[in-house]
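1. give me a 3D structure for the following:
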Amino acid sequence: MHVEQLTELLIEEIKDIYHAEKQLVAALPKMAKAVENPDLQEAITAHLSETKDQVTRLEQVFSLLGTPAKAKPCKGMQGLIAEGDEAAGEIEEGFLRDLAIIGAAQRIEHYEIAAYGTARAIADQIVNADVSELLAQTGKEEETADKLLTKIALKIYKTAGQEHEAERSGNGKKKSMAAKT
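-> Numbering: from 1, shown residues only. Next up, the predicted model:
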């Protein structure tokens, strides 16, 4: 493969990612408002700040590649955000909505992990270490965000399970007492 062709492909990938990240900058505040769990809200808010830094980093990548920062519509991210909005809108506020939002957010993270991994592999092929390093940094941030979402989801599951068990135990006692009377 020619370096020029790979560079063109990389630029197209970066344009797609750039649009995806800009969509997230707009979507994350809405997502943060829709959740109840404070740890989840904090994680989403922190990731918004990180996402803004990632947009700036992508602008550096464009500069290193000698091309203007220009977005190409990212239909994949549009769909993922729409699915997340739909899930959040259909589920009543509480731990189930939080878990649905985590699911949507993790699908987004996985999309980004794949996109950054592909772009980094292309940058490695054209031997552009500066671009590769910037993309790797963002890829690591996306992986960290994904792991944090898993940790929060497990904590929510555990809390919900304990509440459910307490309800069952409480209801069982009432039934036992009712049976005795």
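
2. can you tell me how far residue 37 sits from residue 90?
-> In this view, residue 37 and residue 90 are 18 Å apart by Cβ to Cβ, to the nearest Å. C-beta: built from backbone N, CA, C; applies to glycine.

3. for the helix or strand of the chain with the lowest mean pLDDT, name the packing helices and strands.
-> When each helix and strand of the chain is scored by mean pLDDT, DSSP states H and E, helix 129-180 comes last, with a mean of 82. Applying 3 or more Cβ pairs under 8 Å, 6 or more residues apart in numbering; DSSP states H and E, one finds that helix 129-180 contacts helix 38-64, helix 95-125.

4. now residue 67: how far from residue 120?
-> From residue 67 to residue 120 the distance is 17 Å (Cβ to Cβ).

5. of the two, who's got more company?
-> Comparing residue 67 with residue 120 by neighbour count (other Cβ atoms under 10 Å), the higher total belongs to residue 120, at 22 against 15.

6. contacting residues for the more buried one?
-> For residue 120, the contact set (Cβ atoms under 8 Å, 6 or more residues apart in numbering) comprises 132, 135-136, 139.

7. now render those residues as a markdown table, adding neighbour count and distance to residue 61.
-> As requested, the contacts of residue 120 are exported to a markdown table (neighbours: other Cβ atoms under 10 Å; distance: Cβ to Cβ, whole Å):
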| residue | neighbour count | distance to residue 61 |
| --- | --- | --- |
| 132 | 19 | 10 |
| 135 | 29 | 7 |
| 136 | 17 | 11 |
| 139 | 18 | 12 |
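
8. give me the mean pLDDT for stretch 92-100.
-> The average pLDDT for stretch 92-100 rounds to 93.

9. mind listing what's buried along that stretch?
-> Across stretch 92-100, burial judged by 16 or more other Cβ atoms under 10 Å covers 95, 97-100.

10. wait, which of those residues is closest to residue 14?
-> residue 100 (30.7 Å; Cβ to Cβ).

11. doesn't residue 93 make contact with the closest one?
-> No. When contacts are counted by Cβ atoms under 8 Å, residue 100 is not listed as touching residue 93 (11.1 Å).

12. count the neighbours of the nearest residue to residue 103 once chain neighbours are set aside for me.
-> Using Cβ to Cβ, 6 or more residues apart in numbering and skipping residues adjacent in sequence, the residue nearest residue 103 is residue 87, 7.2 Å away. Residue 87 has 17 neighbours, counted by other Cβ under 10 Å.
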